[in-house]
Every structure is written in C-alpha cells, then in structure tokens.
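Peer 1: My questions are about this predicted structure, shown below with the sequence.
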Amino acid sequence: MKKNAYTLVSGILLMTGSILAQGPAVTSWLQNTTITGTYYNAGNSTPIGNGILVNCQKVEYSTDWVYVTTEGVPSYTTGPFQDGNPSQASAQGAIYKIPLVPTENTGIKTPTGMGTAGVFINGTSLFDYQDGVQWDPSTNALCGGPGNSPCPGGMGAVMDWTRDAIPAEMDGFDCSKGHPAMGTYHHHQNPSAFDLDLNVLSTVCNLYDADGLYAISATEHAPLIGFAYDGFPIYGAYGYQNADGTGGIVRMKSGFELGITTVRTNYPDGTDVDDGPVVDGTYFAGYFKEDYQWVEHPGQEDYLDIHNGRFCVTPEYPDGIYCYFATVDADWNSAFPYAVGPTYYGNVVASNVNNVGETTTVYEETSSLTEMYFDKMNVKIFPNPATDLIAIQIVDLVQDNLAIELIDVAGKTVQKTQINKGGTIAHFNVETIYAGVYFIKISNDSFSSLKKVIIE
C-alpha cells in the first residue's frame with residue numbers, strides 16, 4: 001500500500017470525526033485510578049509501595065486531539081538502577097496532547113532530540129537513543145552527563161559523535177529495560193523484560209524480577225504499545241511481513257547496520273568529521289549513534305525505513321497507517337534505533353501541556369477482553385511440575401486487571417494474586433502446599449480460563 005493510499009485514508013478520517021473519536025488513539029490507553037506502583041531498592045528483592053497511581057488516570061478527546069493524564073509510572077515494579085542513578089520513578093502529573101489525525105512531514109524531517117519522543121499506552125515516556133553524552137575532540141574524552149565535563153556549547157550542543165544510551169547504560173536499566181531521568185521513568189527501547197529475551201543480556205531480573213509492558217511473541221502481530229510525538233502509532237517487535245497485511249507474522253527489522261568497525265575518522269557514508277575514539281573494548285562498534293548507517297532493502301517490506309517505520313496494515317488500522325516498530329534482533333535484544341528515530345516521519349505536534357484548553361469528551365474505558373480471548377490466551381506456566389515457585393506469564397499485552405487463583409481439585413482457592421493491566425506475570429510460592437494436581441484460574445469480571453499445573 002503506497003503513500004497515496006494513506007493520504008486518501010487520512011482524508012476520509014478527517015470527514016468522519018465520530019468514527020475517529022473512538023479510534024485507537026483514544027481507546028488504546030491503559031487507565032487506572034486505584035492501583036499504585038512499586039519499586040525495588042538495591043539489596044532488597046521485596047517490592048516497596050510508592051503510593052503513585054500507575055498507568056493513565058484520564059483520557060479525553062476533542063475533534064482534533066486526545067489528552068492523556070498520567071503520573072508516568074508503570075504497573076510493573078521499577079528499579080533498582082545499579083549504575084549510581086539516585087532517582088526513582090516519581091509522579092509526573094503530565095497531560096499529553098496527541099493529534100487524532102497525524103500527518104506526514106513533507107519537508108525536512110525533525111530529529112527526535114533529547115527527552116520524550118513518544119508515550120507508551122501505560123503513560124510512561126519513550127526516549128530516543130540519546131543520553132546526553134558525546135565525544136569532545138578537544139579533550140579526547142566524553143562530555144556531558146554524570147561524571148563528565150560539560151560539552152562545548154553546553155547542553156543540547158551537537159557534536160559529531162553521540163553516545164547510544166542502550167549499550168552504554170546497560171547496567172542502569174531495571175528488569176523491564178527502563179530507568180528514570182530526574183524522576184521521569186522512561187524506556188529507550190522495547191519495553192519487554194530482559195529475562196524474556198532469547199539471549200539474556202542482563203542479570204538484573206535474577207534478583208529484581210519485573211515483567212515489562214508486554215511479552216514478545218513470534219507468532220502474533222505485536223500489540224500497539226504507544227504513540228510517537230508526531231501522533232503515529234508504535235508497535236512491538238513483530239508485524240505482518242507485507243505492508244498490505246499478508247505474508248504471515250515476521251520480526252520487523254531495522255534498516256540500520258554498523259558501518260564503523262575499526263576507526264572513527266569519517267562517518268560510514270564518507271563524511272569527514274572530527275575524529276572519535278578508536279573502536280576498542282570500551283568504545284566498541286555501536287557505542288555511538290554515528291557508527292550506524294541506514295541501508296535500503298528493496299523488495300523486503302519487513303525492513304523499516306530511516307525513521308524505523310513503514311506504512312502498513314495492522315489489527316487496529318485495517319485500512320493502513322504509518323507505524324513505528326520497537327525493533328529487536330534475532331535474539332530479541334534491542335536493535336538500533338530501537339523505536340522512533342533518529343528523525344520523525346510526521347509533523348511533531350504532540351506535547352506535554354499544563355491544562356486542557358478546550359471542550360472535550362471523557363473516554364470511559366471498557367474491557368476489550370472477550371470469551372474468545374480467554375479461550376486462546378497464550379499462557380506460560382513454569383516450571384510445571386513445580387516444587388517451590390510457579391510463574392504465570394501471559395504472552396500478550398494485558399489490557400484488563402486479571403485475577404489469578406491457584407485452585408485444588410476440590411475447587412477450593414488455595415492462593416490468589418493478580419496481573420494488573422500493563423503487566424504480564426504473577427507468582428505463587430508453593431513450598432508449603434501439598435503435592436498434587438492443581439489449576440490456575442485466570443479471570444476478569446466476565447470470563448475465565450483454567451490451566452493445569454502439578455506441584456511435587
């Protein structure tokens with residue numbers, strides 16, 4: 001499906017505001033007004049309550065805009081941040097104003113820049129690849145960020161070599177691949193827990209388990225997980241192979257490849273710039289954003305464009321729309337440029353506003369989970385058989401608070417817990433429970449599903 005098709009669809013949507021008003025940009029946000037968040041302190045693997053409401057507290061819309069009120073804290077446990085970061089996720093009191101009809105920027109594309117580049121559907125921020133650290137050729141050292149000298153020109157100055165936050169700050173991410181910047185909890189990358197990757201790069205989940213916004217599945221189209229600041233949707237790691245919705249489910253691949261492997265005297269395209277550090281164990285290939293180059297892949301629609309997106313059909317947009325994807329490699333480890341960027345495809349008009357300055361309609365969230373969803377729910381229960389701890393993992397985006405019960409063969413509830421919307425995992429400690437056959441019951445107010453488990 002080509003760009004002219006998108007232009008046609010946009011025109012139709014502009015003329016049908018009543019249909020658009022209940023579209024994904026309004027209905028996809030995870031709302032909550034009762035449940036508060038938790039965090040870990042280093043050395044203590046018991047979550048601590050922070051008293052901050054999780055997910056989004058209010059969604060309202062007008063003819064042109066949706067307004068999302070959120071504290072910016074997820075339902076999954078955050079922390080600890082073991083690189084010396086003194087912050088915890090704190091209440092943001094944010095109101096995000098996002099366009100209902102995003103439009104392509106046909107001029108010079110806008111760089112994503114520092115700070116928030118998009119908002120996940122649980123109200124947390126998406127940052128791009130940057131962390132404010134660059135290479136100063138006058139001192140042959142890093143500048144900007146904690147522990148470094150200020151960069152010449154101050155904060156926001158553009159240098160030739162810009163550090164990539166994902167590999168450089170690996171030690172500071174929690175199990176859900178997030179961390180705070182002066183209290184603003186955010187992800188630079190796909191918000192799925194480290195220990196769910198096929199190749200696990202961080203051991204933080206071993207002591208400080210958390211689950212992330214969703215679990216990657218290689219057999220289902222990834223969920224809609226957020227919106228960029230130009231208003232276009234952000235999806236997880238997998239989508240339809242072809243832009244028209246055909247070809248089966250495949251991993252959406254970044255078009256960026258490493259173009260620097262030994263020295264940094266030029267960019268991969270040959271542009272002469274100030275020298276950066278030689279590639280070594282400290283400043284490895286991929287340490288700086290400029291180590292990458294975008295490579296076109298003609299005829300391969302599952303490779304994304306230079307903004308990390310493409311025009312395509314999705315379950316939420318059957319007529320097609322431009323979409324970004326949270327890219328991962330074959331081992332499900334985050335792949336540059338991770339979500340949105342280095343430039344936006346569309347016109348950047350979203351913002352964090354102080355108040356809603358127009359008449360709006362409040363969207364009252366309803367459960368979207370059906371009996372069919374419960375029948376086909378992808379649930380992993382492990383280990384099974386179990387002796388001490390059982391984990392219940394829902395491989396999907398959980399859009400409703402789910403009650404999780406451990407039930408014996410007589411139908412008696414032995415233990416109960418829950419998975420809140422925007423989380424994926426729950427645990428039962430079964431060390432003191434008699435051996436035998438039990439059932440895991442997963443339910444909301446309308447439907448339920450039973451899974452068999454054996455305790456030895």
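Peer 2: Looks like it came in fine. Residues are numbered from 1 along each chain as shown.

Peer 1: For whatever helix or strand residue 453 lives in, give the mean pLDDT please.
Peer 2: Residue 453 belongs to strand 448-455 when elements are defined using DSSP states H and E. Strand 448-455 shows a mean pLDDT of 92.

Peer 1: For it, name the packing helices and strands.
Peer 2: helix 371-376, strand 379-382, strand 436-443 (3 or more C-beta pairs under 8 Å, 6 or more residues apart in numbering; DSSP states H and E). Glycine gets a C-beta too; all of them are placed from N, C-alpha and C.

Peer 1: now the last one against strand 448-455, angle please.
Peer 2: Between the axes of strand 436-443 and strand 448-455, defined by axes from the mean of the first three to the mean of the last three C-alpha atoms, to 10 degrees, the angle is 150 degrees.

Peer 1: So which residues make contact with strand 436-443?
Peer 2: 374, 377, 379, 381, 390, 392, 394, 402-409, 414, 419, 448-455 (C-beta atoms under 8 Å, 6 or more residues apart in numbering).

Peer 1: Who does it pair with, and is each partner parallel or antiparallel?
Peer 2: strand 402-408 (antiparallel), strand 448-455 (antiparallel) (DSSP bridges).

Peer 1: Sheet partners, orientation included, of the following helix or strand past the first one?
Peer 2: Of the helices and strands lying after strand 402-408 in sequence (DSSP H and E), the nearest is strand 413-419. When sheet partners are counted by DSSP bridges, strand 413-419 sits next to strand 402-408 (antiparallel).

Peer 1: List the buried residues of the strand it pairs with.
Peer 2: 402-407 (16 or more other C-beta atoms under 10 Å).

Peer 1: Restricting the selection to alpha carbons, write the helix or strand encompassing residue 167 to PDB.
Peer 2: Residue 167 belongs to helix 165-168 when assigned by DSSP H and E. Extracted as PDB, the C-alpha positions of helix 165-168 are listed here (Å, rounded to 0.1, in the frame of the first residue of the first chain):
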ATOM      1  CA  ALA A 165      22.200   5.000  25.700                       C
ATOM      2  CA  ILE A 166      21.200   1.400  25.300                       C
ATOM      3  CA  PRO A 167      24.600  -0.300  25.300                       C
ATOM      4  CA  ALA A 168      26.300   2.500  27.300                       C
END
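
Peer 1: And that helix, what does it pack against?
Peer 2: Using 3+ C-beta pairs under 8 Å, 6+ apart, helix 165-168 sits against strand 130-136.

Peer 1: neighbouring contacts of the helix or strand just after the strand it packs on?
Peer 2: On the C-terminal side of strand 130-136, the nearest following helix or strand under DSSP H and E is strand 141-143. Identification of contacts with strand 141-143 by C-beta under 8 Å, 6+ apart yields 133-136, 148-152, 159, 163.

Peer 1: Residue 358 and residue 123, how far apart?
Peer 2: Between residue 358 and residue 123 the computed distance is 21 Å (C-beta to C-beta, to the nearest Å).

Peer 1: Ok, residue 307 next?
Peer 2: Distance from residue 307 to residue 123, by C-beta to C-beta: 24 Å.

Peer 1: more crowded one of these two?
Peer 2: residue 123 (29 against 24; other C-beta atoms under 10 Å).

Peer 1: quick one: contacts for residue 324?
Peer 2: 118, 228, 232-235, 307-309, 339-340, 345.

Peer 1: of those residues, closest to residue 195?
Peer 2: Closest approach to residue 195 among the contacts of residue 324 (C-beta to C-beta): residue 339, at 20.5 Å.

Peer 1: Please report phi then psi for the closest one.
Peer 2: phi -160, psi -80 (degrees, to the nearest 10).

Peer 1: looking only at pLDDT, what's the mean for stretch 359-379?
Peer 2: 84.

Peer 1: got a list of contacts for that stretch?
Peer 2: Against stretch 359-379 from outside (C-beta under 8 Å, 6+ apart): 21-22, 26-27, 29, 31, 58-62, 67, 217, 220, 392-396, 399-400, 440, 442-449, 451.

Peer 1: Filter the residues you listed down to the ones in strands?
Peer 2: 58-61, 67, 392-394, 440, 442-443, 448-449, 451 (DSSP state E).

Peer 1: that older thread, can you show me the CA trace of the strand holding residue 453 as CSV?
Peer 2: Extracted as CSV, the C-alpha positions of strand 448-455 are listed here (Å, rounded to 0.1, in the frame of the first residue of the first chain):
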residue,chain,number,x,y,z
SER,A,448,-12.2,-17.2,32.9
SER,A,449,-9.6,-19.7,31.8
LEU,A,450,-8.2,-22.8,33.6
LYS,A,451,-4.7,-24.2,33.2
LYS,A,452,-3.5,-27.4,34.8
VAL,A,453,-0.4,-27.5,37.0
ILE,A,454,1.3,-30.2,39.0
ILE,A,455,3.0,-29.5,42.4
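
Peer 1: Buried residues of that strand, list them for me.
Peer 2: So, applying 16+ other C-beta under 10 Å, buried residues of strand 448-455: 449, 453, 455.

Peer 1: now stretch 414-431
Peer 2: 414, 419-426, 428, 430.

Peer 1: Show me which of those residues is closest to residue 386.
Peer 2: Among the buried residues of stretch 414-431, and counting by C-beta to C-beta, the member closest to residue 386 is residue 430, at 5.9 Å.

Peer 1: these two touch, right, that closest one and residue 384?
Peer 2: No - contact status for residue 430 versus residue 384: not in contact, 11.1 Å apart, counting by C-beta atoms under 8 Å.

Peer 1: Give me the common contacts of the two.
Peer 2: Joint contacts of residue 430 and residue 384 (C-beta under 8 Å, 6+ apart) are residue 390.

Peer 1: which one of the buried residues of stretch 414-431 is nearest residue 323?
Peer 2: Using C-beta to C-beta, these come closest to residue 323 at residue 422, 20.4 Å.

Peer 1: quick one: the closest one and residue 74, what's the gap?
Peer 2: 6 Å.

Peer 1: Identify the contacts common to those two.
Peer 2: 54-55, 122, 213.

Peer 1: Report the spatially closest residue to residue 264, excluding sequence-adjacent ones.
Peer 2: residue 276 (3.4 Å; C-beta to C-beta, 6 or more residues apart in numbering).

Peer 1: Touching, that neighbour and residue 163? I think so.
Peer 2: No - checked against C-beta under 8 Å, the pair residue 276 and residue 163 is beyond contact range at 10.3 Å.
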